[in-house]
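K.L.:
Need the 3D shape of this:
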Amino acid sequence: MSIAEILLQDYDTEVSNTRRTLERVPENKNDWKCHDKSMPLGKLAMHCATLLMFGYYIMEDDGMDMATSKRPHMSLEFTTRENALKQLDEISAKCRAAIAASSDEHLSALWKFGFGEHIISNNPRSLTFRQMCFDHLIHHTAQLGVYLRLNDIPVPALYGPSADEQWSPK
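P.N.:
Reported below is the predicted structural model:
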């Protein structure tokens, strides 16, 4: 099994989990925050919906310096749930195709990520993708689940049953 095939096994699960969580985001609480230091609900939802564009950049670019990046930043303005889901679907398809087209050699190459002189990571592309994209997406999707709970919105079963939804293996 290739590195890309292994990544795609997890990819499909995490995109599905993020999608099911985004499907429950309310459209009338964009500015709601559980703490002053927390990201507003609408912005967090859009971060989850668009985060895979960074994964696409990891697949397509030789590295990234955030101080001089020519890649556009995704808008984090939440307008509607439908728009967030549409963006997730479009971006996740683009990222998935880039992973599927990647060879083991490409995924094993070092991918330098930094901000000017500050190096954030300089690891194989596959590890960078898992840490900076997968783990990042999982973290924020779980955070979004907490936001749902605190707003009395049923939390989807992702890795097992939730208090609101039973889970059964696919």
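K.L.:
Could you use CA atoms for every contact and neighbour count after this?
P.N.:
Will do.
K.L.:
Relative to Val155, how far out is Cys34?
P.N.:
16 Å (C-alpha to C-alpha, to the nearest Å).
K.L.:
neighbour count winner among those two?
P.N.:
The neighbour count for Cys34 versus Val155, taken as other C-alpha atoms under 10 Å, is higher for Val155 (22 against 13).
K.L.:
check contacts around the more buried one.
P.N.:
Shown in contact with Val155 (C-alpha atoms under 8 Å, 6 or more residues apart in numbering): 21, 24, 145, 148-149, 162-165.
K.L.:
Make a ChimeraX selection of the buried ones in these.
P.N.:
For anyone working in ChimeraX, the buried entries among these, judged by 16 or more other C-alpha atoms under 10 Å, can be selected with:
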select :21,24,145,148
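K.L.:
Can you tell me which of the contacts of Val155 end up in helices?
P.N.:
Under the assignment DSSP state H, the contacts of Val155 contribute 21, 145, 148-149 to helices.
K.L.:
helices or strands up against the helix or strand encompassing Ile138?
P.N.:
Under the criterion of DSSP states H and E, Ile138 resides in helix 135-150. Helix 135-150 sits against helix 3-22, helix 41-50, with contacts defined as 3 or more C-alpha pairs under 8 Å, 6 or more residues apart in numbering; DSSP states H and E.
K.L.:
So what does the residue of the chain most remote from its centre have for phi and psi?
P.N.:
No residue in the chain sits farther from the centre than Glu117, which is 26.1 Å out by C-alpha atoms, centre = their mean. Note on Glu117: its backbone torsions stand at phi -80, psi -20 [degrees, to the nearest 10].
K.L.:
In space, what's closest to the residue nearest the centre of the chain - neighbours in sequence excluded?
P.N.:
In the chain, the centroid-proximal residue (C-alpha atoms, centre = their mean) is Leu137; its distance is 3.3 Å. The spatially closest residue to Leu137, leaving aside those adjacent along the chain, is Cys48, at 6.2 Å (C-alpha to C-alpha, 6 or more residues apart in numbering).
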